[in-house]
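Enquirer: here is a sequence together with a model predicted from it:
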Amino acid sequence: MEAQGNILRYPLAIGARSTEFAQDDAAAVIKGMSDRADAVIESDWKELIGPCATAYPAPAGTPRLPDDPYQAALGCEALGRFMRAALASDGRYEEVMAGYNKLETSLDSKLAPLLAKHGKSSTEAAQTEKRKAMTAFAKLGRPDQVMEACVARYT
């Protein structure tokens, strides 16, 4: 899972360049990575590690979720949705996906009251809040580690 986390942090970084996460931008990066996978594997791909790390530095240390329950729940839900979509077609991650699914179930009952409390009950307002939280969560660290923290907190 660590390798996938390292890979997925790049599309997350691209999607998080604005205040509201740009899912289309992240999806384009994932598609581009898929389209180029064979060429990269056949090349001296290790030469890309340094320039990529410089262009998109990862935060050091263990990711820490926000203390604010509203921001934490929104971010965990948004990142969980992204990670489930990214890993859905790969059977190697069934156990991880089971944890993410438990997280989604747990957050379902928590998000609606939190959104209502903040005056964000409409679907459009809720989606905007989730995109903002996703931008913040994309910057917390490797997404698999952030998701481990989410699962630990909410399941």
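Expert: Everything's here; your move.
Enquirer: T19 against T135, yeah?
Expert: Yes - with contact defined as CB atoms under 8 Å, T19 reaches T135; the gap is 6.1 Å. C-betas here are computed from N, CA, C, even on glycine.
Enquirer: out of those two, which sits in the busier spot?
Expert: T135 (20 against 10; other CB atoms under 10 Å).
Enquirer: who's in contact with that one?
Expert: When contacts are counted by CB atoms under 8 Å, 6 or more residues apart in numbering, T135 touches G15, A16, S18, T19, E20, F21.
Enquirer: switch the cut-off to 10 Å
Expert: L12, G15, A16, R17, S18, T19, E20, F21, A22, G75, A78 (CB atoms under 10 Å, 6 or more residues apart in numbering).
Enquirer: quick check: the farthest pair among these?
Expert: Using CB to CB, the contacts of T135 span at most 16.9 Å, a distance reached by R17 and G75.
Enquirer: and F137, how far is that from T128?
Expert: 15 Å (CB to CB, to the nearest Å).
Enquirer: can you pick the most crowded of the contacts of T135?
Expert: With neighbours taken as other CB under 10 Å, the top of the contacts of T135 is L12, carrying 27 neighbours.
Enquirer: excluding chain neighbours, give the residue nearest to that one in space.
Expert: Distance criterion CB to CB, 6 or more residues apart in numbering; nearest residue to L12, sequence neighbours excluded, is A138 at 3.9 Å.
Enquirer: and that neighbour, how many residues sit next to it?
Expert: Neighbours of A138 using other CB under 10 Å come to 25.
Enquirer: pretty sure it is touching F82, no?
Expert: Yes - with contact defined as CB atoms under 10 Å, A138 and F82 form a contacting pair (8.6 Å).
Enquirer: list residues touching both of those two?
Expert: L8, P11, L12, G15, F21, A26.
Enquirer: so which of those residues sit within helices?
Expert: Secondary structure from DSSP state H places L8, P11, L12, G15, A26 of those in helices.
Enquirer: nearest to A39, of the residues you listed?
Expert: Distance to A39, by CB to CB, is smallest for P11 among those, at 17.9 Å.
Enquirer: give me the neighbour count for the closest one.
Expert: Neighbours of P11 using other CB under 10 Å come to 23.
Enquirer: residues contacting it?
Expert: Applying CB under 10 Å, 6+ apart to P11 gives the contacts 23, 25-33, 82, 86, 138, 143.
Enquirer: perfect, that will be all.
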